[in-house]
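Enquirer: Quick one: sequence and predicted model below, then my questions.
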Amino acid sequence: MLPQSSRITLKQFNLVMEKGNIFHSPLFWVRVLKNQQETRIASVAPQKVVKLTVFRNKIRRKTYEALRQIKESISNGNYIVVFAKVNLCKHSQKDILNDLKTLFVKAGVLG
């Protein structure tokens, strides 16, 4: 799981939602705000995707684990908010990781 020190605060989240660029993939969509002091990441599992809190938390944990694995490859100075598009409970960790890598390359934050 991604450490708390690498996650976005509420103030930073609102800034990304206002000014961040949007990128899409089959499993996720992200908002990226570049040229910040440090790299921070958030994962969101909307209630529109999955109704039960248990499954939303499971999706967030799976996403944070994949983000932890690729955090070292992400270029420095980005705020990133990752939103799940579909119920990821049925997808393997490898599928999630590959989709995030592809999406981050598309967004220009994976170097």
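Expert: Cool, got the structure. Numbers count the residues shown, from 1 in each chain.
Enquirer: Which residue, other than its chain neighbours, is closest to Arg68?
Expert: Leaving aside its sequence neighbours, Arg68 sits nearest to Leu2 (Cβ to Cβ, 6 or more residues apart in numbering; 4.7 Å). Glycine gets a C-beta too; all of them are placed from N, C-alpha and C.
Enquirer: An error on my part: the question was meant for Lys106.
Expert: Phe23 (5.4 Å).
Enquirer: Leu110 is in contact with the one you found, correct?
Expert: No - at 11.4 Å, Phe23 and Leu110 do not qualify as touching, with contact defined as Cβ atoms under 8 Å.
Enquirer: So the residue nearest to Arg68 belongs to a helix, correct?
Expert: No - applying DSSP: H, G, I helix; E, B strand; the rest coil, one finds Leu2 to be coil, outside a helix.
Enquirer: returning to what we had before: when Phe23 and Leu110 are compared, which one has more neighbours?
Expert: Taking Phe23 and Leu110 together and counting by other Cβ atoms under 10 Å, Phe23 has the greater number of neighbours (18 against 15).
Enquirer: so the more buried one is in which element?
Expert: strand 21-24 (DSSP states H and E).
Enquirer: need the contact list for the residue nearest to the spatial centre of the chain.
Expert: Against the mean C-alpha coordinate of the chain, by Cα atoms, centre = their mean, the closest residue is Val82 at 2.7 Å. Taking Cβ atoms under 8 Å, 6 or more residues apart in numbering, we find Val82 in contact with 28, 30, 41-44, 63, 67, 100.
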